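Asks: missing the sequence, but the structure's below:
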């Protein structure tokens, strides 16, 4: 297909995906906003007052970037995982596969849909955050790059999950047993300097730790790890996952 | 009909990962402009063949050309010539009818404004325009089938493949779909049809291939195939019940009840003598019909279903 035709195909998928998650906003946008609001209320406002400073900031200031990043990660991932698996389940994915559209356009369209939901929910959560604390972004460019690269990485991971999944249970296993523990242990609620040396080293093996800290650096100007190391790891992981996803689109999970 | 092969399949083989050999080296060609039937019992390899043509199934060996384009050389271009109506409903049932069509057009690179125009045309032709803003799950079975036909045509394909398009569709609607498909074919679109309604294939198709256990067992014109029938059975309905049942010389009569009978007629016999005898006996014939679907008899004799019995 020509570049123009690929662009039309890409826009079609993105439009369809954005329309989908907006149409079902009580399932896609409202719940994460409510959950994160409760986190702010309990961990930030109620318990946070007794915790005191963390890494030189009030606990509320410290936890806010982490909670926003958690929202981006979980929503980018789950949007693509559930939507693409649903297309597989209903066989409507065949509409894409029989068309002349290249695999990279299919992937780009779905990933963009996931990124759009991640950003949309993050925007709602950021507005909520402003009711509890002020946010003064220290490095705007870096913050935007971290947000986008993280959303792309997890949207791609959600796509791979959906390609592999055979049942709806398969779509929830990774978020429940892998993504949530990694997110909670990724330094959202605490600085790893509170941990023993051994657990600090273990935390460095958690990819989400780098993304949370890079985002925290962008917002607060301070973090547990260099943002450039974090960005390099995110970029490397994204590249690997994109190549894997493209290979899978031609594999036996999609075409018998 | 053109001499150019719209579809050219040679030595096509498919063995699935579980070891099942679905296609055992099939060859057939479909001329441009043809209305072609691909028949076979369940599990014969029809859907596998269609799956390979539209890239949902990966072939094990052999070559496939669509409108002269080898799928091994440029599959995206080859696929752009195809429109596919699958056997099972495969659209998002939560999407609106119009959105399903516009999205499908978009996947082929057709901009939204043009897609809307085309969608309106096909939905009107197929009697679905009033349903354009309804979500697909609210459509009846027949409407869903017509939606899939509209979707397959939205990018103006040169070859349309229909896998059991009229399954579960009532007779009236089936006839209207036949009329629509004949119109599409008359406009130059090559049509490949798989169906279990052999009457459908006999009425619509010019050429036919019968596939059984992954092999092509027959590939000829419908006319030539029907020409092979040696005997036909006619049913005569009489206007009145007869207490005494007469016989016809040289024919074997089987009385179904007091007012109707069946006669087997060899091709060599012709019908003139039969009608002469009926007239001489003064039988008041109110109607006459061919008993069985002729193609069905041949189908059964050519496929495993017939060989087993």
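Replies: Here it is on my side, so go on. These figures come from a predicted structure and were not determined experimentally.

Asks: Go through the helix or strand where residue B:232 lies and flag the buried ones.
Replies: Under the criterion of DSSP states H and E, residue B:232 resides in strand B:231-238. Across strand B:231-238, burial judged by 16 or more other Cβ atoms under 10 Å in any protein chain shown covers B:232, B:233, B:234, B:235, B:236, B:238. C-beta: built from backbone N, CA, C; applies to glycine.

Asks: Likewise for stretch A:168-187?
Replies: Applying 16+ other Cβ under 10 Å to stretch A:168-187 flags A:171, A:174, A:175, A:179, A:183, A:185, A:186, A:187 as buried.

Asks: Repeat that for stretch A:28-38.
Replies: A:28, A:29, A:32, A:33, A:36, A:37.

Asks: What residues does chain B have near chain A?
Replies: B:16-17, B:51, B:54-58, B:75-77, B:79-80, B:82, B:84, B:86, B:88-93, B:95, B:99, B:102-104, B:106-112, B:151 (Cβ under 8 Å from any Cβ of the partner chain).

Asks: For stretch B:26-41, what does the pLDDT average out to?
Replies: The average pLDDT for stretch B:26-41 rounds to 90.

Asks: again with stretch B:94-103
Replies: On average, stretch B:94-103 scores 93.

Asks: ok, and what's touching it?
Replies: Stretch B:94-103 has contacts (Cβ atoms under 8 Å, 6 or more residues apart in numbering or on different chains) with A:12, A:16, A:19, A:95, B:91-92, B:112, B:115-116, B:118-119, B:122-123, B:128, B:131-137, B:139, B:147, B:150-151, B:154.

Asks: Sort out for me which of those are in strands.
Replies: If you go by DSSP state E, those have nothing in strands.

Asks: Verify the contact between residue B:239 and residue B:260 for me.
Replies: No. Using Cβ atoms under 8 Å, residue B:239 is not in contact with residue B:260, being 10.6 Å away.

Asks: More neighbours: which of those two?
Replies: residue B:260 (16 against 10; other Cβ atoms under 10 Å in any protein chain shown).

Asks: Tell me who's in contact with that one.
Replies: Residue B:260 neighbours (Cβ under 8 Å, 6+ apart): B:235, B:236, B:237, B:238.

Asks: Distance to residue A:166 added to the residues you listed, as TSV?
Replies: Shown next, in TSV, are the contacts of residue B:260 (distance: Cβ to Cβ, whole Å):
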residue	distance to residue A:166
B:235	52
B:236	58
B:237	56
B:238	62
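
Asks: And residue A:126, how far from residue A:132?
Replies: Separation of residue A:126 from residue A:132 (Cβ to Cβ, to the nearest Å): 11 Å.

Asks: wait, I meant residue A:19
Replies: In this view, residue A:19 and residue A:132 are 32 Å apart by Cβ to Cβ.

Asks: Backbone dihedrals for residue B:281, both of them.
Replies: Backbone geometry at residue B:281, expressed as degrees, to the nearest 10, gives phi -80, psi -10.

Asks: Skipping adjacent residues, who's closest to it in space?
Replies: residue B:246 (5.3 Å; Cβ to Cβ, 6 or more residues apart in numbering or on different chains).

Asks: for residue A:44, same thing?
Replies: residue A:60 (4.2 Å).

Asks: How far off centre is the helix or strand hosting that neighbour?
Replies: Assessed by DSSP H and E, residue A:60 sits inside helix A:59-89. Counting by Cα atoms, centre = their mean, to the nearest Å, helix A:59-89 is centred 4 Å from the centre of its parent chain.

Asks: tell me, which helix in chain B spans the most residues?
Replies: Counting residues, the longest helix in chain B under DSSP state H turns out to be helix B:171-186.

Asks: any idea which helix or strand comes after it?
Replies: Taking DSSP H and E, what comes next after helix B:171-186 is strand B:190-194.

Asks: List the neighbouring strands of that following strand plus their orientation.
Replies: Strands that pair with strand B:190-194, judged by DSSP bridges, come out as strand B:35-39 (parallel), strand B:159-163 (parallel).

Asks: what bridges to residue B:221?
Replies: Beta-bridge partners of residue B:221, as defined by DSSP bridges: residue B:207.

Asks: residues near it, how many?
Replies: Residue B:221 has 13 nearby residues by other Cβ under 10 Å.

Asks: for residue B:2, same thing?
Replies: 11.

Asks: pLDDT score for it?
Replies: In this model, residue B:2 carries a pLDDT of 71.

Asks: so what's residue B:126 closest to, chain neighbours aside?
Replies: residue B:146 (4.3 Å).

Asks: Test my guess that that neighbour contacts residue B:177.
Replies: Yes. With contacts defined as Cβ under 8 Å, residue B:146 counts as touching residue B:177 at a distance of 7.1 Å.

Asks: and those two? which has more neighbours close in?
Replies: Taking neighbours as other Cβ under 10 Å, residue B:146 and residue B:177 compare with residue B:146 leading, 27 against 21.

Asks: gap between that one and chain A?
Replies: Going from residue B:146 to chain A by Cβ to the nearest Cβ, to the nearest Å gives 16 Å.

Asks: who touches that residue in this structure?
Replies: Counting by Cβ under 8 Å, 6+ apart, residue B:146 makes contact with B:126, B:127, B:128, B:177.

Asks: Out of those, which is nearest to residue A:216?
Replies: residue B:128 (53.7 Å; Cβ to Cβ).

Asks: So which bits of the host helix or strand of residue A:151 are buried?
Replies: Applying DSSP H and E as the criterion places residue A:151 in helix A:140-164. Applying a neighbour-count criterion of 16+ other Cβ under 10 Å, one finds A:142-143, A:145-147, A:149-163 buried in helix A:140-164.

Asks: and the helix or strand just after that helix, is it in reach of chain B?
Replies: On the C-terminal side of helix A:140-164, the closest following helix or strand by DSSP H and E is helix A:168-174. No. Helix A:168-174 stays clear of chain B (Cβ under 8 Å from any Cβ), getting no nearer than 15.7 Å.

Asks: Average pLDDT for helix A:168-174, rounded please.
Replies: The model assigns helix A:168-174 a mean pLDDT of 86.

Asks: Also stretch A:96-113?
Replies: For stretch A:96-113, mean pLDDT rounds to 93.

Asks: hmm, that stretch in reach of chain B?
Replies: Yes. Using Cβ under 8 Å from any Cβ, stretch A:96-113 reaches chain B at A:96, A:97, A:98, A:99, A:100, A:101, A:102.

Asks: who touches residue 71 in this structure?
Replies: No chain was given, so I picked chain A. By Cβ under 8 Å, 6+ apart, the neighbours of residue A:71 are A:32, A:36, A:118, A:121, A:122, A:125.

Asks: Hmm, no, I was thinking of chain B.
Replies: So residue B:71 contacts B:53, B:55, B:64, B:65, B:78, B:79 (Cβ under 8 Å, 6+ apart).

Asks: Quick check: bridge partners of residue B:253?
Replies: The partner residues for residue B:253, given DSSP bridges, come to residue B:263.

Asks: hang on, the earlier thing: so which of the contacts of residue B:71 is the closest to residue B:31?
Replies: Distances from residue B:31 to the contacts of residue B:71, taken by Cβ to Cβ, are shortest for residue B:65, at 12.9 Å.

Asks: which parts of chain A sit against chain B?
Replies: Going by Cβ under 8 Å from any Cβ, the residues of chain A near chain B are A:1-2, A:4-6, A:8-9, A:11-13, A:16, A:19, A:86-87, A:90-92, A:94-102, A:252, A:255-256.
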